[in-house]
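**Q** Can you look at this prediction? I've put the sequence above it.
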Amino acid sequence: MSGAAKTTFNPYTRGGLRAAGRKLLKNKLATLCFILLLALVVVLALAPLITPWGPEDTDVASRLAPGFWAQWSDNPVDRMKVSPLHPLGTDHLGRDMLSRLLYGGRTSLMVGLVSTAMGLFWGVVLGMLAGYYKRLDNLIMRLMDLLFTFPGILLAMLIVAMLGSSTFNATMAISIWSVPSFARMVRSRVLQVREEDYVMAIRSLGASDARILTRHVFQNTLPIIIVVATMRMGTSLISISTLSYLGMGVPAPAPEWGGLIATGKNYLWQRPSLIILPGAAVMLTVICLNILGDKLRDILDPSLKT
């Protein structure tokens, strides 16, 4: 009876994925990160209801106003400048920092999500073709190796430099950088799956390659895709923040967390919160995404551990 007490599941089935989700939520740290990310998404979605200020609205009379915490400061000037209209203070143009943080977070997460999804799509397609068709393997993987020869952020900067600085071009650049990672991981799994007995049996019964790839091979690569996509989301978020900090991402005056850090660096000693707030937002979001990715990896495919 002791052997029956151990619960096992197959992550390569729908029921297995649901069981993996329940197991993930039993981990306190993973649950905390999931709740924080969910709360972040809800808060960002409700940004227009949370703050009356638009991200580009200015209040010249309250330029560089400190946040609410300054009311306990030893500096009487800072205490006098605290404004209930701007709980997190304002920047050098009098723009509300709470508003810019919320709207900037929407931009950062949207670019990270879209770039990851685009890279995921093309990476999965190329990885499945390379792993399933031997005649395409060498061509596709040599192309992926070529992309891998460039450090990721430098490749993104090169693409933006050629296409021009815009949110769309930055998203495209980050997605192109993401493709090789997805393609390699998917290809490695497809190489294993295509030699499985059930795949060979299905092929012998006359099933088309398209059916085998979409109904059987893809399902067996799904756990790896989920793990890599979760962790890649954090990398994409750092990438767009880095590009915006360098002036090659989301163009000003549109808010974005990396752009807020770039603007705030000129007032580091006068108002350090202009850097600390967006920097903390990037750091906490990426940490939560990476922790979720690590826990998903441990549950869905422990063989991916390094």
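**A** Here it is on my side, so go on. Numbering: from 1, shown residues only.
**Q** from here on, contacts and neighbour counts on C-alpha atoms
**A** Fine.
**Q** so where's this structure uncertain?
**A** Per-residue confidence of the chain (counting by pLDDT under 70) places the weak regions at 1-17, 20, 301-306.
**Q** how about the helices in it?
**A** Assignment of helices within the chain using DSSP state H yields the ranges 14-25, 28-45, 47-50, 76-81, 97-132, 134-148, 152-163, 167-193, 197-204, 209-212, 218-245, 257-264, 273-300.
**Q** Could I get the contacting residues of residue 282?
**A** Shown in contact with residue 282 (C-alpha atoms under 8 Å, 6 or more residues apart in numbering): 237, 238, 257.
**Q** and which of those is nearest to residue 182?
**A** residue 237 (16.7 Å; C-alpha to C-alpha).
**Q** Give me the distance between the closest one and residue 197.
**A** 41 Å (C-alpha to C-alpha, to the nearest Å).
**Q** Give me the more crowded residue out of these two.
**A** Here residue 237 and residue 197 are set side by side on neighbour count (other C-alpha atoms under 10 Å), and the busier one is residue 237, at 28 against 10.
**Q** Quick check: nearest residue in space to the more buried one, chain neighbours excluded?
**A** The shortest distance from residue 237 to any non-neighbouring residue, by C-alpha to C-alpha, 6 or more residues apart in numbering, is to residue 112 (5.0 Å).
**Q** for residue 118, same thing?
**A** Nearest-residue entry for residue 118: residue 175, 5.7 Å, with adjacent residues in sequence omitted and distances by C-alpha to C-alpha, 6+ apart.
**Q** Let's have the helices of the chain in CSV, adding distance to residue 68.
**A** Output for the helices of the chain, formatted as CSV (distance: least, C-alpha to C-alpha, whole Å):
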stretch, distance to residue 68
helix 14-25, 35
helix 28-45, 19
helix 47-50, 16
helix 76-81, 9
helix 97-132, 11
helix 134-148, 46
helix 152-163, 37
helix 167-193, 32
helix 197-204, 63
helix 209-212, 59
helix 218-245, 26
helix 257-264, 18
helix 273-300, 11
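**Q** Tell me the spacing between the closest residue to residue 188 other than its chain neighbours and residue 120.
**A** In this structure, residue 188 finds its nearest non-sequential neighbour in residue 131, 6.9 Å apart by C-alpha to C-alpha, 6+ apart. Relative to residue 120, residue 131 is positioned 16 Å away (C-alpha to C-alpha).
**Q** got it, and residue 247?
**A** When residue 247 is compared with residue 120 (using C-alpha to C-alpha), they lie 26 Å apart.
**Q** Of the two, which one has the most company?
**A** Relative neighbour count places residue 120 above the other of residue 247 and residue 120, with 26 against 16, counting by other C-alpha under 10 Å.
**Q** who's in contact with the more buried one?
**A** With the criterion set at C-alpha under 8 Å, 6+ apart, residue 120 makes contact with 178, 179, 182, 225, 229.
**Q** For residue 57, give me the backbone phi and psi.
**A** Note on residue 57: its backbone torsions stand at phi -70, psi 140 [degrees, to the nearest 10].
**Q** and the residue lying closest to it once chain neighbours are set aside, what does it touch?
**A** Nearest non-adjacent residue to residue 57, counting by C-alpha to C-alpha, 6+ apart: residue 95, 5.7 Å away. Applying C-alpha under 8 Å, 6+ apart, we find residue 95 in contact with 55, 56, 57, 58, 59, 63.
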